[in-house]
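**Student:** Here's my sequence, what's the structure:
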Amino acid sequence: MTFIYPVDSNKAHPLPLSPDYKSSIKRAPHKPLIPMRHTLSELTGPVYGHETVREGDNDLTLQHKGEPLGERIIVHGHVFDEDGRGVPNSLVEIWQANACGRYVHVRDQHPAPLDPNFTGAGRTQSDAAGYYRFVTIKPGAYPWGNHHNAWRPAHIHLSVFGHSFVTRLVTQMYFPGDPLFAFDPIFNSVPDEKARMRMVSSFDLDNTQPEWALCYRFDIVLRGKNATPMENT
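**Tutor:** This next block holds a predicted model:
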């Protein structure tokens with residue numbers, strides 16, 4: 001176990017200031033950061049949201065009366081620490097656009113239909129080995145106005161909570177072979193190519209269920225040399 005925080009692993013994460021990602025210009029700090037020591041209550045509690053996870057919360061296709069439209073998929077993987085050990089009892093949450101690339105959000109008003117049978121959010125806890133699993137619909141790409149003809153690659157947002165409020169990490173999972181990768185400033189705000197590819201899931205034929213759903217594996221490494229890039233702006 002590493003007891004000294006591995007600062008070099010920060011290189012895996014997006015740059016706070018990425019000029020091609022226009023909103024980062026306003027959000028990125030322009031002065032040196034001031035370290036703030038965490039209080040005991042921040043580090044030890046409360047356990048955030050674990051107790052509210054219900055059976056079936058990890059299946060986004062069963063949350064309404066009818067089935068959602070789109071391609072059903074399985075997303076699964078492990079939450080690992082820097083030494084490759086599974087992290088148990090992590091609260092894993094996902095949110096995403098529907099198959100047409102539309103979020104259930106008042107600010108998403110681009111001309112794509114909402115699906116009355118798909119809300120686009122789910123949660124689960126990792127098991128004793130750090131394993132998690134979701135059933136959902138493959139999201140669509142969508143326009144986002146950052147620049148002329150800007151489209152976000154299909155992706156799923158993931159949030160991982162430990163056992164205190166300050167232990168939340170957020171990342172995005174992409175799908176292999178997306179032609180929009182080269183044009184997306186958010187994806188390319190991670191400067192290291194190998195780190196960027198750690199945000200791309202892998203197709204998992206062994207766990208694909210015949211005649212029902214394709215499967216994608218996405219392992220989340222919390223820190224270290226193989227850390228999954230996490231959002232920091």
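**Student:** quick one: low-confidence ranges for this protein?
**Tutor:** Along the chain, the model assigns pLDDT under 70 to residues 1-11, 41-51, 164-166, 232-233.
**Student:** Would you tell me which strand is longest in it?
**Tutor:** Secondary structure of the chain read by DSSP state E shows that its longest strand is strand 72-80.
**Student:** Figure out how far it is from the centre of its chain.
**Tutor:** Remark: strand 72-80 is offset 11 Å from the chain centroid, using C-alpha atoms, centre = their mean, to the nearest Å.
**Student:** what's next to it, contact-wise?
**Tutor:** 61, 86-87, 90, 92, 94, 126, 129-138, 156, 160, 173, 201, 204, 207-209, 212-222 (C-beta atoms under 8 Å, 6 or more residues apart in numbering). Glycine gets a C-beta too; all of them are placed from N, C-alpha and C.
**Student:** so Asn226 makes contact with Arg198?
**Tutor:** Yes - between Asn226 and Arg198 a contact is recorded at 7.1 Å, counting by C-beta atoms under 8 Å.
**Student:** The two - which one has more neighbours?
**Tutor:** Using other C-beta atoms under 10 Å as the criterion, Asn226 and Arg198 rank with Arg198 on top: 18 against 15.
**Student:** Any idea how many residues pack against Asp192?
**Tutor:** Asp192, neighbours per other C-beta under 10 Å, totals 12.
**Student:** go on, Gly177?
**Tutor:** Gly177 has 8 nearby residues by other C-beta under 10 Å.
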